[in-house]
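Novice: generate a structure from the sequence data that follows.
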Amino acid sequence: QVQLVESGGGLVQAGGSLRLSCAASGRTSSLFVMAWFRQAPGKEREFVAAFMWSGIGTAYADSVQGRFTISRDYAKSTVYLQMNSLKTEDTAVYYCAAQTSWRLSFRMRNDYNDWGQGTQVTVAS
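Specialist: Numbers count the residues shown, from 1 in each chain. Modelled structure (predicted):
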């Protein structure tokens, strides 16, 4: 099992930036993918971005492509989400997720077995 702790959420004006952090501990040697999801009030939890722990690549939802960047500090077992040009529709609770067994997919909530507690991001107009 991997334990995940997010930080970095807050209130920001539209057009501004925030950086989220997610620190992993526990069985980090088992990591395949670390990802960010978000859930707005009354909506389903949705995929935002993923980092393949082997380093082979990243993936983004169309809605954040070009605005958000996911990165990793391997030594710290930490993944970051740099969010630029924020929009009001980015307002949500952002969750970090870890995939510790190989799967064909990584964009669905059920692809992940470990989750952080979530951090609120609010973008004001």
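
Novice: only C-alpha atoms for contact and neighbour calcs from this point on.
Specialist: Fine.

Novice: starting at the chain centroid, how far to stretch 87-97?
Specialist: Distance of stretch 87-97 from its chain centroid, counting by C-alpha atoms, centre = their mean, to the nearest Å, is 9 Å.

Novice: and what of stretch 79-90?
Specialist: In terms of C-alpha atoms, centre = their mean, the centre of stretch 79-90 is found 10 Å from the chain centre.

Novice: please apply the same query to stretch 35-44.
Specialist: Computed by C-alpha atoms, centre = their mean, the chain-centroid distance of stretch 35-44 equals 10 Å.

Novice: state the distance from the residue most central in space within the chain to Ser125.
Specialist: In the chain, the centroid-proximal residue (C-alpha atoms, centre = their mean) is Trp36; its distance is 1.7 Å. According to C-alpha to C-alpha, to the nearest Å, Trp36 stands 23 Å off from Ser125.

Novice: picking up where we left off before, for the closest residue to the residue nearest to the centre of the chain other than its chain neighbours, grab phi and psi.
Specialist: Closest residue to Trp36 apart from its sequence neighbours, by C-alpha to C-alpha, 6 or more residues apart in numbering: Cys96 at 4.7 Å. Recorded main-chain torsions at Cys96 are phi -90, psi 140, according to degrees, to the nearest 10.

Novice: quick revisit: residue contacts, the residue nearest to the centre of the chain?
Specialist: Each residue near Trp36 by C-alpha atoms under 8 Å, 6 or more residues apart in numbering is listed here: Phe47, Val48, Ala49, Ala50, Leu81, Tyr94, Tyr95, Cys96, Ala97.

Novice: let's verify it: helix, strand, or coil?
Specialist: Following DSSP: H, G, I helix; E, B strand; the rest coil, we place Trp36 in the strand state.

Novice: that one pairs with what?
Specialist: Taking DSSP bridges as the rule, Trp36 bridges to Ala49, Cys96.

Novice: what about Cys96, neighbour count?
Specialist: By other C-alpha atoms under 10 Å, the residues close to Cys96 number 31.

Novice: roughly how far does Glu89 sit from Gln39?
Specialist: Computed as C-alpha to C-alpha, the Glu89 to Gln39 distance reads 11 Å.

Novice: neighbour count winner among these two?
Specialist: Using other C-alpha under 10 Å as the criterion, Glu89 and Gln39 rank with Gln39 on top: 19 against 13.
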